[in-house]
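Trainee: coordinates only, sequence not included:
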C-alpha cells in the first residue's frame with residue numbers, strides 16, 4: 001500500500017510539473033524580431049523591447065550606434081540626449097520631446113526598465129533623424145534602419161496573365177537605374193544599389209513564369225522562367241508617385257511569340273497602367289493615416305433607444321466597417337480610437353490622431369433628442385468662436401529646460417490646435433454631408449458648427465457625424481441593422497474619398 005501511494009504521488013508530481021511547464025511556456029512572450037541597421041559597411045541587429053504593446057529601442061543601443069551623449073537628470077527626472085551640438089529633452093510619463101527647441105509628439109513616453117531607458121522606435125525618425133548629420137531612415141514594415149549614404153530601394157512586384165503573355169509590374173522607390181538581361185532560365189533585373197528592400201511579391205506561377213524572388217546578389221531581382229517562355233520586352237512606365245519608378249516586363253509564350261528563347265525584341269510603346277502602386281507611396285497631399293473615433297464606450301454608453309440600442313455599440317460597429325472599407329478602397333492605414341468596449345478619455349481621442357500624424361479625424365456618434373420625431377444625420381465641425389487665438393498657436397514660449405536655463409519652444413496649445421484647420425474642417429464636414437445625403441436621410445440642419453470638445457485638440461481636418469437619432473423609434477431600428485449601417489459606411493467612405501481628392505490626393 002505505501003509503495004502504491006508513493007507511485008501515485010510521483011505520477012501526480014510529474015503531471016503537475018508538466019502543467020506548470022506548459023503554462024510557463026504559454027505565458028513566455030514570443031521573441032521580438034529585431035530591426036536591422038544597414039550602413040555602407042554592413043548590417044547589424046538592433047534589439048527591440050516591448051512595453052505595454054509598444055515597441056521600443058534602448059537609448060544605450062542608440063547611443064552606441066549614433067555616438068549620442070545621454071544624461072539623466074535625477075533631480076528633475078528627465079533625460080537629455082545630445083549630438084552634433086543639438087539636444088533632445090524628454091521626461092517620463094510625457095509622450096513629448098523637445099528637439100532643438102521644437103516640441104514633437106511621440107507614440108509613447110520614455111520608460112525606465114531596470115538600468116535601461118527605453119524610447120519608442122518612432123523616436124528615431126521623429127526626434128533623432130532631424131538633428132543627425134547623416135541620413136537616418138526608419139522603415140517599420142521592413143524592420144530596417146538605414147544610416148548614412150546607403151542605397152536600398154524598396155521593390156515590390158505583381159504578375160497578371162493576359163492571354164499568351166504574362167505581365168510583371170515592378171514598383172521601386174526611389175526610382176533607381178536598372179538593367180534587365182536573360183541568363184539561362186532566368187531574367188535578372190539589376191539595380192544600381194547596395195541592396196534591395198524586397199516587399200510585397202504577388203506572383204501567380206504559370207508555364208511562362210515560375211516565380212520572382214531576390215537574386216544571388218543583393219541588388220538583383222530574379223525571374224524564374226517557365227518551359228513555355230519564348231521572349232520578353234521591358235519598358236519604364238509612368239511612376240505611381242513622385243520619386244518612384246515603375247518597370248513593366250512582358251513575358252511572351254511560345255505560342256504567341258515564336259522564335260529563339262531569350263530573344264528580346266525592341267521595347268514597344270506601352271499603354272500606361274492605371275493599377276495602384278504596390279508600395280506605400282502616397283503622393284504629396286495624399287492621405288496616409290485616417291483616425292476614426294467610435295463615440296463613447298465602457299461606462300459611457302451614450303444615447304440609448306427605447307428598445308435598448310446603445311450608441312456606443314452602434315458607433316463601434318460603423319467604425320469597424322468603415323475602417324475595412326477605407327483600407328481596401330484607399331490602401332491607407334486606418335486607426336480606431338477604440339476597438340472594444342472601453343472608456344477612452346475625450347482628449348485621448350484627438351491625441352491618438354495627433355501622435356500618429358493623421359491626415360483626417362472623424363468622430364462617429366448617434367444622436368438623441370427630447371422630441372421623438374427628430375431624425376436624420378448631421379455633420380459637425382468646430383465653430384470659429386472656439387479658436388481662442390490663431391496667433392497664439394505659433395507663438396514661442398520660454399520653458400524651463402532640464403539642467404537649468406530656459407528655451408523658446410514652439411508650442412501649440414491644446415485648445416487652439418483645431419484653430420489652424422477651421423476652414424478645411426468645414427470643407428470636410430460639407431463634403432461628408434453631401435455624400436451622406438445621397439444615401440441616408442438628413443436632419444433639418446445637416447451641417448452645423450459647434451463647440452465640441454472632441455474636435456478642439458485635433459491638429460488636422462476634423463469632423464463629427466451624428467448618424468441618426470436613437471430616440472426616434474424607426475431610426476433606432478435602422479441604426480441597429482446592417483443595411484442602414486452599410487449605407488452610412490458607404491456614404492462616409494465616399495465623402496472621405498472626395499475630400500481626399502479635393503485635398504490633392506490621388507483617388508484609386
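Mentor: Thanks, I have the structure now. This is a predicted model, so every value here is computed, not measured. Numbering: from 1, shown residues only.
Trainee: From now on I want contacts and neighbour counts done on CA atoms only, so please keep to that.
Mentor: Fine.
Trainee: Identify the bridge partners of the most centrally placed residue in the chain.
Mentor: Nearest to the geometric centre of the chain sits residue 333, at 4.2 Å (CA atoms, centre = their mean). Using DSSP bridges, the bridge partners assigned to residue 333 are residue 289.
Trainee: which ones are touching it?
Mentor: Neighbour list for residue 333: 288, 289, 290, 327 [criterion: CA atoms under 8 Å, 6 or more residues apart in numbering].
Trainee: any chance of those residues in JSON lines, plus pLDDT?
Mentor: Putting the contacts of residue 333 into JSON lines (pLDDT from 0 to 100) gives the following:
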{"residue": "288", "pLDDT": "83"}
{"residue": "289", "pLDDT": "91"}
{"residue": "290", "pLDDT": "95"}
{"residue": "327", "pLDDT": "81"}
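Trainee: out of the residues you listed, which is most surrounded?
Mentor: Comparing those by number of neighbours (other CA atoms under 10 Å), residue 290 comes first, having 23 neighbours.
Trainee: Closest one of the contacts of residue 333 to residue 427?
Mentor: Checking those against residue 427 with CA to CA, the nearest one is residue 290 at 16.4 Å.
Trainee: which residue sits closest to that closest one in space, ignoring its chain neighbours?
Mentor: Leaving out its chain neighbours, the residue that sits closest to residue 290 by CA to CA, 6 or more residues apart in numbering is residue 334, at 4.8 Å.
Trainee: Tell me if I'm right that the one you found and residue 319 touch.
Mentor: No: between residue 334 and residue 319 there is no contact under CA atoms under 8 Å: 10.0 Å.
Trainee: Need phi/psi at residue 94.
Mentor: phi -120, psi 120 (degrees, to the nearest 10).
Trainee: swap that for residue 426, please
Mentor: phi -60, psi -40.
Trainee: That one contacts residue 419, doesn't it?
Mentor: No: the pair residue 426 and residue 419 fails to qualify as a contact (CA under 8 Å) at a distance of 11.4 Å.
Trainee: pLDDT below threshold where in the protein?
Mentor: Within the chain, the segments meeting pLDDT under 70 span 1-31, 75-77, 255-286, 384-417, 504-508.
Trainee: Kindly state the domain boundaries assigned to it.
Mentor: The chain breaks down into these domains under automatic domain parsing: 35-147, 154-253, 289-502.
Trainee: hang on, the earlier thing: more neighbours: residue 334 and residue 319, which one.
Mentor: residue 319 (28 against 19).
Trainee: count of neighbours near the spatially closest residue to residue 199 that is not a sequence neighbour?
Mentor: Once flanking residues are discounted, residue 199 sits nearest to residue 156: 5.1 Å by CA to CA, 6+ apart. Burial of residue 156 is recorded as 24 neighbouring residues (other CA under 10 Å).
Trainee: Likewise for residue 134?
Mentor: Residue 134 has 12 neighbouring residues, counting by other CA under 10 Å.
Trainee: In this structure it contacts residue 150, no?
Mentor: No: the criterion here is CA under 8 Å, and residue 134 misses it with residue 150 at 10.5 Å.
Trainee: quick revisit: look up how far residue 162 lies from the residue nearest to the centre of the chain.
Mentor: According to CA to CA, to the nearest Å, residue 333 stands 31 Å off from residue 162.
Trainee: wait, isn't residue 49 in contact with residue 61?
Mentor: No: Residue 49 is not in contact with residue 61 according to CA under 8 Å; the separation is 11.5 Å.
Trainee: Give the pairing partners of the helix or strand that contains residue 89; include direction for each.
Mentor: Residue 89 is part of strand 86-90, with elements assigned from DSSP states H and E. Strand 86-90 pairs in its sheet with strand 78-83 (antiparallel), strand 96-99 (antiparallel), by DSSP bridges.
Trainee: Could you say which one of those comes nearest to residue 196?
Mentor: strand 78-83 (29.9 Å).
Trainee: Off-centre distance for stretch 106-119?
Mentor: 22 Å (CA atoms, centre = their mean, to the nearest Å).
Trainee: Revised request: answer the last question for stretch 193-201.
Mentor: That offset, for stretch 193-201, works out to 20 Å (CA atoms, centre = their mean).
Trainee: Same question for stretch 63-75.
Mentor: Per CA atoms, centre = their mean, the centroid offset for stretch 63-75 relative to its chain is 29 Å.
Trainee: Flag every buried residue along it.
Mentor: By neighbour count on 16 or more other CA atoms under 10 Å, the buried set for stretch 63-75 is 68, 69, 70, 72.
Trainee: Reformat the residues you listed as a markdown table; add secondary structure and distance to residue 170.
Mentor: As requested, the buried residues of stretch 63-75 are arranged in a markdown table below (DSSP: H, G, I helix; E, B strand; the rest coil; distance: CA to CA, whole Å):
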| residue | secondary structure | distance to residue 170 |
| --- | --- | --- |
| 68 | coil | 39 |
| 69 | strand | 43 |
| 70 | strand | 43 |
| 72 | strand | 48 |
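Trainee: what's the nearest residue to residue 445 if we skip its chain neighbours?
Mentor: Using CA to CA, 6+ apart, the closest residue to residue 445 is residue 378 (6.8 Å).
Trainee: Please apply the same query to residue 90.
Mentor: residue 97 (4.9 Å).
Trainee: Wait, the one you found touches residue 104, no?
Mentor: Yes: using CA under 8 Å, residue 97 is in contact with residue 104, at 5.5 Å.
Trainee: Which one's more surrounded, the two?
Mentor: For residue 97 versus residue 104, neighbours defined as other CA under 10 Å are more numerous around residue 97 (24 against 16).
Trainee: can you pull the contacts of that one?
Mentor: Applying CA under 8 Å, 6+ apart, the residues near residue 97 are 88, 89, 90, 91, 103, 104, 105, 106, 127.
Trainee: so where do the strands sit in the stretch 351-500 of the chain?
Mentor: In the stretch 351-500 of the chain, the strands defined using DSSP state E, counting those that start in this stretch lie at 360-367, 377-382, 396-400, 406-410, 442-450, 462-469.
Trainee: so which of these comes closest to residue 173?
Mentor: Nearest of the strands of the stretch 351-500 of the chain (CA to CA): strand 360-367, 25.5 Å.
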